[in-house]
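> fold the stuff below for me.
(one chain, ligands or ions: 2)
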Amino acid sequence: MHDNVSADEYGSADPRYEGWPTGRSAEASGVSRPGVSHSEVNVPAGPTVASPIVAPPYGSRPVAPSAAYSAAEGVPGQVRQTTPARPPVPVDGYAETGTAMTDADVSRETEDPPLAQEAERAVKILNPSGEITMPRPTHRRVICVANQKGGVGKTTTAVNIAVALALHGNRVLVIDLDPQGNASTGLNVPHHAGVPDVYDCLIDSTPLADVTQPVDGIPNLACVPATIDLAGAEIELVSVVARESRLARAIQGCATEYDYIFIDCPPSLGLLTVNALVAAQEVLIPIQCEYYALEGVQALTSNIGLVKSHLNPHLDISTVLLTMYDRRTRLADLVEQDVRAHFGEKVLQAVIPRNVRVSEAPSYSQSVMTYDPGSRGAISYFEAAQEIAERGARVGGLA
Ligand code: ADP
Ligand code: MG
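Ligands and ions are numbered 1, 2, ... in the order given. Sure, this is the predicted structure:
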């Protein structure tokens, strides 16, 4: 049914999207959520461009003024005009200007704007002309973000690409499958003990819709959180019937019409990751640009091969994303060459730089897309999301 839906029909309040999470689960569990409720948000989801316009080549997109404020480079070319005052976070390597600014230099709002305004602002900065569209896929794409190494950018990638796609009219669900709950934190979705979560789907066969929560301020984005309960799931699953396909069943039983479901995997190759691989059609592997980058990926690819041959013939590595690229080092360059030689066209042209704004964003319970849309991290994730959307549309989906 996606085929004939125009961009301006994606409004989150659209009653045709049956089953779209309303926050019921959160309310039922007594969770109080900060900020505006999802239903109150009244922001157009993405640009309302009638006909798709061919996007300019990557890198040629006009960069918003705030992009000049590149923390990694340490020399702010221009102070962001609309960023609200925020409590300072001590982060190594982030150089503030140090110079006193007058009112004429900078116009800072004194309070956080509503979350919905942040989303609107993000779209305006990332896609000023509204020309770039992220076409909806012809069928639901279930993408597992996996790498058994910790700290390579799985969660950051799942969260930011999901937000970028949602801001541009795609209906997106993020399933947090890591007991650490970092994706839930990054999306500001309650995930303290007692909140219905992905554990309930895996162990108690609770329907996915009953544990799904809307993401405040981002129309079209929802999240299945992970609570501390999930820590025991890996062991409890061992004795459960059809233990490898519990998540697949939960997703198959979900009637909500998502365009994308991203599954954020834990840093292991245990039963949780196997459940994600069985549930997905595509694997997105984030690879950190550092020494030993490809080591361990071998184990992941052979696991993917095993799941493909025994449990899920539809599974494929569709996307590889280079993360935390530090262009000052020759090593990053060598790693990039290696990864491109190994994975070929699966590697996205967009490369995510090491950028302090990316690592700051979660401490404000935001993605970098809304926290600082003009930062190099946000722009790169925007480009990566655009590539993922265009690839899916070009081949009619990758499943
Ligand atoms: P994983 O989910 O693979 O364990 P994370 O996404 O949690 O990895 O990232 C690990 C850490 O690195 C986090 O603190 C995150 O904020 C930081 N990080 C991720 N990507 C970047 C980036 N591009 N630049 C700077 N820091 C990053
Ligand atoms: Mg993670």
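
> spatially nearest residue to whatever residue of the chain ends up closest to ligand 2, not counting backbone neighbours?
Residue nearest to ligand 2 within the chain (C-beta to the ion): residue 155, separated by 3.3 Å. Every residue, glycine included, has its C-beta placed from N, CA and C. In space, and not counting its chain neighbours, residue 155 is closest to residue 182: 4.4 Å by C-beta to C-beta, 6 or more residues apart in numbering.

> thinking again about what came up before, following the one helix or strand the residue of the chain closest to ligand 2 maps to in sequence, what is the next regular element?
For residue 155, the host element (DSSP states H and E) is helix 154-167. Downstream of helix 154-167, the first helix or strand assigned by DSSP H and E is strand 172-176.

> and that following strand, how far out from the chain's middle?
With C-alpha atoms, centre = their mean, to the nearest Å as the basis, strand 172-176 stands 8 Å off its chain's centre.

> does it come close to ligand 2?
No - Strand 172-176 is not in contact with ligand 2 by C-beta under 5 Å from the ion; minimum separation 8.8 Å.

> could you number the chain from 27 rather than 1 from now on?
Done: numbering now begins at 27, and the last item shifts to strand 198-202.

> other SSEs contacting the helix or strand just after that strand?
As assigned by DSSP H and E, the chain's next helix or strand after strand 198-202 is helix 208-212. When contacts are defined as 3 or more C-beta pairs under 8 Å, 6 or more residues apart in numbering; DSSP states H and E, helix 208-212 packs onto helix 180-193, strand 198-202.

> now those as JSON lines including mean neighbour count and mean pLDDT?
Listed next are those as JSON lines, based on neighbours: other C-beta atoms under 10 Å; pLDDT from 0 to 100:
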{"stretch": "helix 180-193", "mean neighbour count": "29", "mean pLDDT": "97"}
{"stretch": "strand 198-202", "mean neighbour count": "29", "mean pLDDT": "98"}
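
> can I get these in CSV including distance to ligand 1?
Shown next, in CSV, are the helices and strands packed on helix 208-212 (distance: least, C-beta to the nearest ligand atom, whole Å):
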stretch, distance to ligand 1
helix 180-193, 3
strand 198-202, 10
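
> okay, now the residue nearest to residue 181: neighbour count?
20 (other C-beta atoms under 10 Å).

> ok, it - contacts?
Residues near residue 208 by C-beta atoms under 8 Å, 6 or more residues apart in numbering: 181, 202, 290, 388.

> with residue 178 instead?
So residue 178 contacts 312-314, 349-350 (C-beta under 8 Å, 6+ apart).

> of the residues you listed, which belong to strands?
Taking DSSP state E, the ones among the contacts of residue 178 that sit in strands are 312-314, 349.

> turn these into a markdown table, including pLDDT and distance to ligand 2.
Output for those, formatted as a markdown table (pLDDT from 0 to 100; distance: C-beta to the ion, whole Å):
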| residue | pLDDT | distance to ligand 2 |
| --- | --- | --- |
| 312 | 97 | 10 |
| 313 | 96 | 14 |
| 314 | 94 | 12 |
| 349 | 97 | 12 |
